[in-house]
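1. quick check, what structure comes out for this input:
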Amino acid sequence: MGSLGQTPSAGTADIGPAAQLVVDFYSNPAGSWSLLTPAAQKLYGNESAFKQYWGSRTIDTFADIDAPSRKNNSDGSVDMQLASLTVNGQTSSN
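-> Residues are numbered from 1 along each chain as shown. Sure, this is the predicted structure:
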């Protein structure tokens, strides 16, 4: 098991499963506490605060999930990117 915020190194990123995790998260963010790393959970403080945060935000749409670098970071993670995310009617694009 890696340090807090790290995932084990595993070579080249397989973006299919990583993209599916992004879909799973944004399809039900308030119910996705278990999808977070310990470091991400720590940012919210606890599961109740996480559910409160996402319970007050509605994901309207998200689109075009990709891993631009097509490779793992040095800690084994992979950076995923959404082309756009619309929350409570406000869209942000990358």
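2. strands along this structure, start to end?
-> For the chain, the strands defined by DSSP state E cover 59-66, 81-87, 90-93.
3. need the pLDDT of Ala49.
-> Note for Ala49: predicted pLDDT of 96.
4. number of residues surrounding it?
-> 12 (other Cβ atoms under 10 Å). C-beta: built from backbone N, CA, C; applies to glycine.
5. again, but for Ser84
-> 12.
6. which residues touch it?
-> By Cβ atoms under 8 Å, 6 or more residues apart in numbering, the contact list for Ser84 reads Thr61, Phe62, Ala63, Asp64, Thr91, Ser92, Ser93, Asn94.
7. so what's it closest to, chain neighbours aside?
-> With Cβ to Cβ, 6 or more residues apart in numbering as the criterion, Ser84 has its nearest non-adjacent residue at 4.5 Å, and that residue is Ser93.
8. grab the most central residue of this protein for me.
-> Compute the mean C-alpha point of the chain, and by Cα atoms, centre = their mean the closest residue is Val22, 5.2 Å away.
9. what about the residue nearest to Ser84, how many residues nearby?
-> 10.
10. that one reaches Ala83, doesn't it?
-> Yes: the pair Ser93 and Ala83 passes the contact test of Cβ atoms under 8 Å, sitting 6.4 Å apart.
11. now do the helices in the protein.
-> Ranges of helices in the chain, per DSSP state H, are 15-27, 38-44, 47-55.
12. for the chain, what are the low-confidence residue spans?
-> Residue ranges of the chain with pLDDT under 70: 1-14.
13. follow-up on the earlier one: would a markdown table of the strands of the chain with distance to Phe50 be doable?
-> Output for those, formatted as a markdown table (distance: least, Cβ to Cβ, whole Å):
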| stretch | distance to Phe50 |
| --- | --- |
| strand 59-66 | 14 |
| strand 81-87 | 15 |
| strand 90-93 | 20 |
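14. do you know which of those strands lies nearest Asn73?
-> Across the strands of the chain, Asn73 has its closest neighbour in strand 81-87 (13.3 Å, Cβ to Cβ).
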